[in-house]
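*Asks:* Sequence plus the predicted model coming up.
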Amino acid sequence: MQKIKAIVLPLIVYTLIFSPFSVQAEETRDIVFPVEEGYDYNFTDTYGAARSSGRSHEGTDIMVDQMTPLVAAVAGRVSYLVDEDQGWGLAIYIEDTDGYSYRYLHINNDTPGTDDGKEIRAYAFPKNIVRGAQVEAGQVIAWAGDSGNAESVAHHLHFEIWTPDRDSINAYASLMAAIGKPIVSEDSGDVVNNTYHFMRDLDLGSEGEDVRALQIYLNQSGFYVATSGAGSPGNESTYFGPATQDALARFQRANNISPAAGFFGVITRTFVNDDGAVPEPDDDYLIKTGWLIKDKLSPRVYYVAPNRELMWIVSEDSALRNFGENWYLDIKEFDDLKTLDLPFGDYMV
């Protein structure tokens with residue numbers, strides 16, 4: 001019986017503490033950014049994103065280096081603290097006078113510079129941070145790590161905000177307000193005027209001034225590559241990394257560019273070069289922008305670009321990158337493409 005209790009009781013506690021009760025609409029709280037000033041970080045809005053076992057993401061992941069100091073978002077009380085890992089990682093919760101809870105997960109459990117999991121408390125929390133302690137906004141309360149289910153991913157702070165009624169709210173708006181950044185709705189499809197003409201495909205690992213121009217364009221459009229450090233507004237870089245890929249994918253989703261995989265191919269490039277303007281066909285114009293078309297007697301498949309040029313898709317890899325795995329399911333066939341009187345443009349490699 002004692003063995004059963006030892007197994008079941010921690011599971012019950014974990015369920016009550018970490019499982020969501022309900023999810024509420026966006027709300028902005030007046031907070032201090034939870035990463036100490038002067039340290040690099042990067043985050044995007046991933047609230048509600050799918051997670052394993054059918055869960056959804058209740059927090060915002062702020063990517064930081066190991067041992068980055070984490071500070072209290074508000075003045076309040078340490079309402080909960082885990083300094084001995086029970087399987088879900090080290091954590092600390094701060095509760096303010098209004099009853100809101102600010103939750104910090106994946107606190108460091110390693111000797112600095114290692115992934116040894118030795119769980120030395122001095123590398124997780126300052127000595128004076130204990131359950132029930134009063135803290136001031138901006139006070140260091142912990143150090144970032146990868147404890148719990150973050151062991152196999154990069155070091156980061158998983159930050160959550162919960163209401164007094166135990167409703168989870170999206171922390172992104174509060175975090176953006178804390179660093180003085182505006183939020184641009186990804187449903188708006190707004191684009192900015194582009195003064196750079198992109199000439200080539202860009203994807204993970206690409207380098208060059210066109211990558212910097214793309215990052216500038218994304219940041220100015222509100223789809224931030226980063227909010228601090230490399231890739232952030234004014235600090236755009238020449239390297240196309242995962243953060244650029246993520247920002248580009250969000251831009252593509254907002255502008256109904258498919259597939260939204262973060263690949264800067266001919267479809268997205270044409271959209272950006274033309275400032276998002278897609279010409280409307282005349283009433284008697286039968287061929288529509290975005291179609292994949294071919295001659296009945298030829299294996300060559302072409303993409304109908306927004307400027308009505310036909311762009312030859314030279315390989316299946318190109319088709320997969322630009323149009324997704326089901327690219328071949330809707331290809332329009334014509335007896336002779338030359339009779340369409342459409343100009344042949346560049347290749348899609």
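*Replies:* All right, it came through fine. Residues are numbered from 1 along each chain as shown.

*Asks:* Spatially central residue in the chain, please.
*Replies:* T44 (4.3 Å; CA atoms, centre = their mean).

*Asks:* Look up the closest residue to it, ignoring the ones flanking it.
*Replies:* The shortest distance from T44 to any residue other than its chain neighbours is 6.0 Å, reached at D246 (CB to CB, 6 or more residues apart in numbering). C-betas here are computed from N, CA, C, even on glycine.

*Asks:* Could you report the pLDDT at I169?
*Replies:* According to the prediction, I169 has pLDDT 92.

*Asks:* surely it meets F159?
*Replies:* No - between I169 and F159 there is no contact under CB atoms under 8 Å: 11.7 Å.

*Asks:* Same drill for these two, tell me which one is more crowded.
*Replies:* F159 (25 against 21; other CB atoms under 10 Å).

*Asks:* for the helix or strand that one falls within, packing partners?
*Replies:* Using DSSP states H and E, F159 sits within strand 156-162. The contact analysis (3 or more CB pairs under 8 Å, 6 or more residues apart in numbering; DSSP states H and E) places strand 156-162 against strand 60-63, strand 101-107, strand 167-169.

*Asks:* was I right about the residue nearest to the centre of the chain contacting V225?
*Replies:* No - using CB under 8 Å, T44 is not in contact with V225; the gap is 9.2 Å.

*Asks:* where do the contact lists of the two overlap?
*Replies:* By CB atoms under 8 Å, 6 or more residues apart in numbering, T44 and V225 have these common neighbours: A247.

*Asks:* got the end-to-end distance for stretch 107-126?
*Replies:* The straight-line separation of the ends of stretch 107-126 (CA to CA, to the nearest Å) is 12 Å.

*Asks:* Only the buried residues of that stretch, if you could.
*Replies:* Under the neighbour-count criterion of 16 or more other CB atoms under 10 Å, stretch 107-126 has I107, N108, N109, D110, E119, Y123, A124, F125, P126 buried.

*Asks:* Of those residues, which pair is most distant in space?
*Replies:* D110 and P126 (17.0 Å; CB to CB).

*Asks:* which residue ranges form the strands in the stretch 1-150 of the chain?
*Replies:* Read by DSSP state E, counting those that start in this stretch, the stretch 1-150 of the chain holds these strands, from start to end of the chain: 22-23, 42-43, 60-63, 69-71, 76-82, 90-95, 101-107, 134-135, 140-143.

*Asks:* Might one say that T111 is in contact with I120?
*Replies:* Yes - T111 lies in contact with I120 (CB under 8 Å); the separation is 6.5 Å.

*Asks:* Wasn't L297 part of a helix?
*Replies:* No - membership of L297 in a helix is not supported by DSSP: H, G, I helix; E, B strand; the rest coil, which gives coil.

*Asks:* Any idea how many residues pack against it?
*Replies:* 8.

*Asks:* Would you state the helices of this structure in chain order?
*Replies:* All helices of the chain, identified by DSSP state H, fall at 2-18, 172-178, 209-220, 242-254, 266-273, 316-323.

*Asks:* Tabulate these (a markdown table), appending distance to Y39 and mean neighbour count.
*Replies:* Conversion of the helices of the chain to a markdown table gives the following (distance: least, CB to CB, whole Å; neighbours: other CB atoms under 10 Å):
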| stretch | distance to Y39 | mean neighbour count |
| --- | --- | --- |
| helix 2-18 | 26 | 10 |
| helix 172-178 | 14 | 20 |
| helix 209-220 | 20 | 20 |
| helix 242-254 | 16 | 21 |
| helix 266-273 | 33 | 21 |
| helix 316-323 | 36 | 18 |
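
*Asks:* closest one to V304 among the ones you listed?
*Replies:* helix 266-273 (10.7 Å).

*Asks:* what helices or strands is the closest one leaning on?
*Replies:* helix 242-254.

*Asks:* rerun that using 10 Å as the cut-off
*Replies:* helix 209-220, helix 242-254, strand 301-304, strand 310-313, helix 316-323, strand 344-348 (3 or more CB pairs under 10 Å, 6 or more residues apart in numbering; DSSP states H and E).
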